[in-house]
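# generate a structure from the sequence data that follows.
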Amino acid sequence: RQYSSKCSSHQLGLGQVQLLPFLNCQSGQDRFWIQYESEMPVCLFSSLFILSNETVNIWSHLLGFFLFFTLGIYDMTSVLPSASASREDFVICSICLFCFQVCMLCSVGYHLFSCHRSEKTCRRWMALDYAGISIGILGCYVSGVFYAFYCNNYWRQVYLVTALAMILAVFFAQTHPSYLTQQWQRLRSVIFCSVSGYGVIPTLHWVWLNGGFGAPIVQDFAPRVVVMYVIALLAFLFYISKVPERYFPGQLNYLGSSHQIWHVLAVVMLYWWHQSTVYVMRYRHSRPCPDYASRL
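Below is the predicted model:
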């Protein structure tokens, strides 16, 4: 079950993943993978139009990039002006959507070049894929913290600086040459849990500052945060469990694998957070901050 297609004088082939000289992903699965026999960019990019188990991975996040790019234009030209948004609102929304777009493009790049014949190239793109996830999470934190502590400059600055410093540190760690080695396996787990779970701290603090879970504003916005974490948790469970291909080996090579579901849920999660950001932005501009908020 192999085929190839011409790209100038070079070949692009689809072969068993076990036959690849470098394998660091999807191991143990009876799946098929594109193996690039040429380093010519035109050949590599032509794999966008080759049916493989990477097709959905690539196009789900490529379309995700165009989704957030389009939302950015719409927000800047229509949504924010109609809400009488401030310059800070434009900056925060731009940063949020830019981070989402970078996350999508890093993922596309990795799945496009992950099975390049060069192990160095594959590892470089894998590191960028991990870094892109951190950047996407940063986009969620920036907008979430800004509007959660919209009426409290002190805590807003504290959490924004903390989130930025942490994500930058994680970014440099993930692009370190040793990040993908066995020696850093435990550190990778710690980094992932820290980045993903950090948002719980400002969320609980925000709930406390607003009078607990019974406060109307908390009951209005907290469920949106919970939904985002539920989507993220569901995506992560698919990612680590390798379900459903674990139970249907060889039958989900092109559509329906756990990694593809992870990709779709990632786009859904970021889109949900974008919509929640727009919702809370409109709320903040429709109601003045209470006098006591700045003293909390």
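
# tell me what the helix or strand where residue 69 lies is packed against?
Following DSSP states H and E, one finds residue 69 within helix 55-74. Applying 3 or more C-beta pairs under 8 Å, 6 or more residues apart in numbering; DSSP states H and E, we find helix 55-74 packed against helix 87-113, helix 258-286. Every C-beta, even on glycine, is put in place using the N, C-alpha and C of the backbone.

# residue 83 versus the residue nearest to residue 215 when sequence neighbours are not counted, what's the distance?
Nearest residue to residue 215 in three dimensions, chain neighbours excluded: residue 207, at 7.8 Å (C-beta to C-beta, 6 or more residues apart in numbering). Distance of residue 207 to residue 83, computed by C-beta to C-beta, to the nearest Å: 25 Å.

# before we move on, the earlier item: indicate which one of the helices and strands packed on helix 55-74 is closest to residue 199.
Comparison of the helices and strands packed on helix 55-74 against residue 199 by C-beta to C-beta identifies helix 258-286 as nearest, at 10.5 Å.

# which other residues reach the helix holding residue 69?
Applying C-beta atoms under 8 Å, 6 or more residues apart in numbering, the contact partners of helix 55-74 are 48, 93-94, 97-98, 100-101, 104-105, 107-108, 111-112, 254-255, 257, 259-260, 263-264, 266-267, 270-271, 274.

# just the buried subset of these, written out for PyMOL, thanks.
Entered in PyMOL, the line below selects the buried ones among these, by 16 or more other C-beta atoms under 10 Å:
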select buried, resi 93+97+98+100+101+104+105+107+108+111+112+257+259+260+263+264+266+267+270+271+274
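
# in the stretch 101-250 of the chain, where is pLDDT below threshold?
By pLDDT under 70, the low-scoring segments of the stretch 101-250 of the chain are 116.

# please enumerate the strands of the stretch 101-250 of the chain.
Applying DSSP state E, counting those that start in this stretch to the stretch 101-250 of the chain gives no strands.

# the helices in it, which residues?
Secondary structure of the stretch 101-250 of the chain (DSSP state H, counting those that start in this stretch): helices located at 119-148, 153-174, 185-197, 200-209, 216-241.

# contact partners for residue 191?
170, 173-174.

# what is the burial count for residue 242?
Here the number of neighbours of residue 242 (other C-beta atoms under 10 Å) works out to 15.

# that one against residue 261, yeah?
No: shown here, residue 242 and residue 261 do not form a contact pair, counting by C-beta atoms under 8 Å, at 10.7 Å.

# OK, contacts around the closest residue to residue 199 other than its chain neighbours?
Distances taken as C-beta to C-beta, 6+ apart place residue 141 nearest to residue 199, at 6.0 Å, with adjacent residues excluded. Each residue near residue 141 by C-beta under 8 Å, 6+ apart is listed here: 159-160, 163, 167, 198-199, 202.

# most neighbours of all those, which one?
That'd be residue 159 among the contacts of residue 141, by other C-beta under 10 Å, with 24 neighbours.

# deepest of the helices of the stretch 101-250 of the chain, which one?
Among the helices of the stretch 101-250 of the chain, ranked by average contacts under mean count of other C-beta atoms under 10 Å, first place goes to helix 119-148 (a mean of 21).

# hang on, the earlier thing: the contacts of residue 141: which two are farthest apart?
Among the contacts of residue 141, 167 and 202 lie farthest apart (C-beta to C-beta), at 13.8 Å.
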